[in-house]
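Asker: what follows is a predicted structure for the sequence shown.
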Amino acid sequence: MKRSNLFKRSAAMLLAGLMAVSMSACGGSSASGNDSGDSQASSSGDTHKLSVVLKTTSSEYWSYVIAGIEQAEKDLGNVEVDVRGANSDTDFDGQLNMVETIVNADMCEAIAIAPLQADQIANALTGVKIPVLAIDTNFDQAETFIGTAHEDAAYEGGKYVAEKIGKGGKVVILANIQGESTSEARVAGYKKALEEGGCEIISTQYTDGVGDKAVTVTDGVLQSFADIDAIVCCADDVALGASRAIKQAGRDGDGIIVCGFDGISSGVQAVVDGEISCTVAQDPYNMGYQCVKSLLDVVEGEKLDDFIDTGCKVITPDNAQEYLDKLKSLV
């Protein structure tokens, strides 16, 4: 679909979602699947059995994705969606076991996955005949990727930071998991924008996307570098950890800009409160909604675009309260 059409459909879907959204995952009902992408009614009539495997179901960001999934399931009416997720962002084997169980037991007609380790998941899907889509993070076996253009989104955040600190500004990048494709794409986007803006990247550190680890990593960075103008992060939890470390070190008066990524409510609230400077917001609700819509389209024989962009927005003090109100309306 064209991006303009997607935007119109997304806006309509979001308005529907503002009425009432449950934040819990759908039940794990099993279903018999088929070996092709052709439309085929399940044993319960015309209801299509679909599966979504997320990175985890135990974070605010993924709760918005689940909310969009559940609203789409309600709106479309002829789908049952089994939503699962690993225990954490580093539970690689747990997610792999989920995917293998679903595809080996023919539990669905189509599956969407947000892989923790893209290569591992791609290998597990070799020879699978049902349609496979990617949500949030792309991988080789996926026919379509539904989510954010992570490098482009981080580029926008990096550009905002570069404009704030100016040429010659010294920047630390706090990434998530080393080698994980989404984190590395965000790092690449930040680097491109900062280098174009004439900034100097003095260190890149990995935090596993965990706020407490970000505190420790940032503390080490602050001890190593007396002159830091900005810290750009690949997750809001990491940005909040960095902000906490700056305060604990007594350097909150140094004017260090902290940029987050994801746009979850805690991150946006931190922008409102002045704890961090900005965050790059994805649209996880729309991502979840478009995921279910795309799964249904593909099992009913529609040809999908390779990439369905669900959008991003840089949240600054100028628009943070408005965006926070929008997030609250989804809960």
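Answerer: Sure thing, it's come through. Numbering: from 1, shown residues only.

Asker: CA only for contacts and neighbour counts going forward, please
Answerer: Noted.

Asker: paired strands for the stretch of helix or strand Val172 belongs to, with orientation please.
Answerer: Val172 belongs to strand 170-175 when assigned by DSSP states H and E. If you go by DSSP bridges, strand 170-175 pairs up with strand 200-206 (parallel), strand 230-233 (parallel).

Asker: check which element follows that strand along the chain.
Answerer: With elements assigned by DSSP H and E, the helix or strand that comes after strand 170-175 is helix 181-196.

Asker: and that following helix, what does it pack onto?
Answerer: Helices and strands touching helix 181-196, by 3 or more C-alpha pairs under 8 Å, 6 or more residues apart in numbering; DSSP states H and E, are helix 150-165, strand 170-175, strand 200-206.

Asker: and the strand holding Val172, average pLDDT?
Answerer: Across strand 170-175, the average pLDDT comes to 98.

Asker: now that strand, how far from the chain's geometric center?
Answerer: 20 Å (C-alpha atoms, centre = their mean, to the nearest Å).

Asker: try stretch 220-232
Answerer: On the basis of C-alpha atoms, centre = their mean, stretch 220-232 sits 27 Å off its chain's mean C-alpha point.

Asker: endpoints of that stretch, how far apart?
Answerer: Counting by C-alpha to C-alpha, to the nearest Å, you get 16 Å between the two ends of stretch 220-232.

Asker: now that stretch: average pLDDT?
Answerer: If you average the pLDDT values across stretch 220-232, you get 97.

Asker: from the centroid of this protein, which residue is nearest?
Answerer: With distances taken as C-alpha atoms, centre = their mean, the residue of the chain nearest its centroid is Asp136 (4.9 Å).

Asker: how about the strands of the stretch 201-331 of the chain, start to end?
Answerer: 230-233, 257-262, 278-282, 307-309, 312-315 (DSSP state E, counting those that start in this stretch).

Asker: who does the last one touch, helix- and strand-wise?
Answerer: Applying 3+ C-alpha pairs under 8 Å, 6+ apart, one finds that strand 312-315 makes contact with helix 150-165, strand 278-282.

Asker: hmm, who's touching that strand?
Answerer: Contacts to strand 312-315, defined as C-alpha atoms under 8 Å, 6 or more residues apart in numbering, come from residues 148, 153, 156-157, 263, 268, 271, 278-283, 323.

Asker: picking up where we left off before, next, format the strands paired with strand 170-175 as CSV and append distance to Ala175 and mean neighbour count.
Answerer: Shown next, in CSV, are those (distance: least, C-alpha to C-alpha, whole Å; neighbours: other C-alpha atoms under 10 Å):
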stretch, distance to Ala175, mean neighbour count
strand 200-206, 5, 17
strand 230-233, 6, 29
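
Asker: in a markdown table, list the ones you listed along with distance to Met287.
Answerer: Output for the strands paired with strand 170-175, formatted as a markdown table (distance: least, C-alpha to C-alpha, whole Å):
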| stretch | distance to Met287 |
| --- | --- |
| strand 200-206 | 26 |
| strand 230-233 | 21 |
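
Asker: re earlier: closest one to Asn104 out of the contacts of strand 312-315, please.
Answerer: For the contacts of strand 312-315, the minimum distance to Asn104 (C-alpha to C-alpha) is 29.3 Å, reached by Thr148.

Asker: list the contacts of that closest one.
Answerer: Thr148 makes contact with Asp136, Gln282, Asp283, Asp309, Thr310, Gly311, Cys312, according to C-alpha under 8 Å, 6+ apart.

Asker: tell me the pLDDT of it.
Answerer: The per-residue pLDDT reported for Thr148 equals 93.

Asker: Cys259 - how many residues pack around it?
Answerer: Residues near Cys259, counting by other C-alpha atoms under 10 Å, number 34.

Asker: where's it relative to Asp93, distance?
Answerer: From Cys259 to Asp93 the distance is 31 Å (C-alpha to C-alpha).

Asker: since that was my last question, I'll sign off now.
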